[in-house]
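Asks: What would the 3D arrangement of this be:
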Amino acid sequence: MELQLQHLSKQYGSKRAVDDITINLTPGVYGLLGANGAGKTTLMRMICGVLKATSGNIHLNGKTMQELGERYYAHLGYMPQDFGFYPDFTAREFMLYMAAVKGLGKEKAKSRTEELLALVNLQDKADKKIKSFSGGMKQRLGIAQAELNNPTILVLDEPTAGLDPKERVRFRNLISDFAKEKIVILSTHIVSDVSYIADIILLMKNGSFLLQEPMATVTDSIKGKVWEVLVDEYEAARYSEQFSVVNLHHENNMVRLRIIDKVPPSPAAIYVEPSLEDLFLYHFGEEVKEEK
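Replies: Numbering: from 1, shown residues only. A predicted model of the protein is given here:
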């Protein structure tokens with residue numbers, strides 16, 4: 001199984017939302033990271049055929065999306081960021097409806113519906129209307145419908161947005177269970193969600209990939225460059241102007257700064273192991289601040 005994106009671009013007027021992306025995807029979990037507006041959703045919508053590329057091609061096992069036609073979509077499971085539920089449907093009714101849309105036969109639709117509702121721990125809520133569901137329950141139902149046709153390519157756009165920490169852990173475990181022998185593309189700006197389950201990190205900025213790197217080595221570019229130093233508040237302001245501060249924490253009238261720089265920012269600074277969050281904030285720190 002290989003999904004190939006070849007020089008894929010999407011232009012909106014003078015803005016290029018996706019800019020000449022080329023990558024070969026094989027089974028595994030790909031964590032697509034970037035600040036809002038990086039182009040993640042546009043890229044995923046092109047992969048799912050919701051948007052047409054301005055230029056470039058998408059191939060599945062050597063054949064273009066156009067050549068494969070409906071056979072391409074049979075491989076896809078998609079959970080968009082803003083999933084449209086029918087609030088007066090029960091969970092079971094919704095799953096059966098989506099199974100019909102995906103072309104599953106009646107008996108197959110019934111068996112997959114029951115199997116997946118149990119898998120996402122909604123079997124006890126199967127006959128409850130969706131409008132009574134919590135955000136976490138709706139998210140679980142969203143991933144269940146994406147799995148109905150047992151896709152080989154699973155595309156999840158911000159699946160953990162708005163969930164509490166307990167729900168996010170449950171959801172990450174669910175994705176890990178679904179990920180066996182599939183190409184899973186998981187888009188998020190919640191770094192911890194992908195740090196636990198992704199095999200490959202795709203860091204996206206301004207429509208392009210800054211890096212495509214296995215999780216095991218993704219922070220190598222900042223290894224030996226992450227420091228912590230404890231300073232007073234006056235010094236903290238000065239350090240923030242001079243260095244790339246990725247985190248700060250107030251401690252008893254002092255401030256602990258986490259800094260990325262080639263050399264120690266002061267003799268008192270201590271080296272710390274870099275994390276995926278350090279890498280993310282190093283590239284997107286200012287954009288993340290603007291979003292808040």
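Asks: how distant is stretch 124-140 from the center of its chain?
Replies: Chain-centre distance of stretch 124-140: 22 Å, with C-alpha atoms, centre = their mean, to the nearest Å.
Asks: List the buried residues of it.
Replies: The neighbour-count check on stretch 124-140 (16 or more other C-beta atoms under 10 Å) flags Lys125, Ala126, Lys129, Ile130, Phe133, Gly136, Met137, Lys138, Gln139, Arg140 as buried. For every residue, glycine as well, the C-beta is placed using N, CA and C.
Asks: Make TSV out of the residues you listed and add distance to His189 and pLDDT.
Replies: Conversion of the buried residues of stretch 124-140 to TSV gives the following (distance: C-beta to C-beta, whole Å; pLDDT from 0 to 100):
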residue	distance to His189	pLDDT
Lys125	29	96
Ala126	32	96
Lys129	31	96
Ile130	26	95
Phe133	24	92
Gly136	19	82
Met137	23	87
Lys138	20	89
Gln139	16	85
Arg140	21	87
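Asks: which among the residues you listed gets closest to Val263?
Replies: Nearest to Val263, judged by C-beta to C-beta, of the buried residues of stretch 124-140 is Gln139 at 44.2 Å.
Asks: Tell me which other helices or strands the strand or helix carrying that closest one touches.
Replies: Secondary structure assignment for Gln139, by DSSP states H and E: helix 135-146. Packing contacts for helix 135-146, counted by 3 or more C-beta pairs under 8 Å, 6 or more residues apart in numbering; DSSP states H and E, involve strand 76-79, helix 91-101, helix 106-119, strand 153-157, helix 165-178.
Asks: Determine whether the claim that Arg238 is in a helix is correct.
Replies: Yes - note on Arg238: a helix contains this position according to DSSP: H, G, I helix; E, B strand; the rest coil.
Asks: Can you tell me the number of residues neighbouring it?
Replies: Arg238: 10 surrounding residues under other C-beta atoms under 10 Å.
Asks: How about the contacts made by Gly103?
Replies: Counting by C-beta atoms under 8 Å, 6 or more residues apart in numbering, Gly103 touches Ala74, Asn149.
Asks: Give me the angle between the helix holding Gln139 and helix 106-119.
Replies: Using axes from the mean of the first three to the mean of the last three C-alpha atoms, to 10 degrees, one finds that helix 135-146 and helix 106-119 are set 150 degrees apart in direction.
Asks: quick one: contacts of helix 135-146?
Replies: Under C-beta under 8 Å, 6+ apart, the answer for helix 135-146 is 77-79, 83, 85, 91, 94-95, 98, 116-117, 119-122, 125, 130, 133, 154-156, 159-160, 162-164, 167, 170-171, 174-175, 178.
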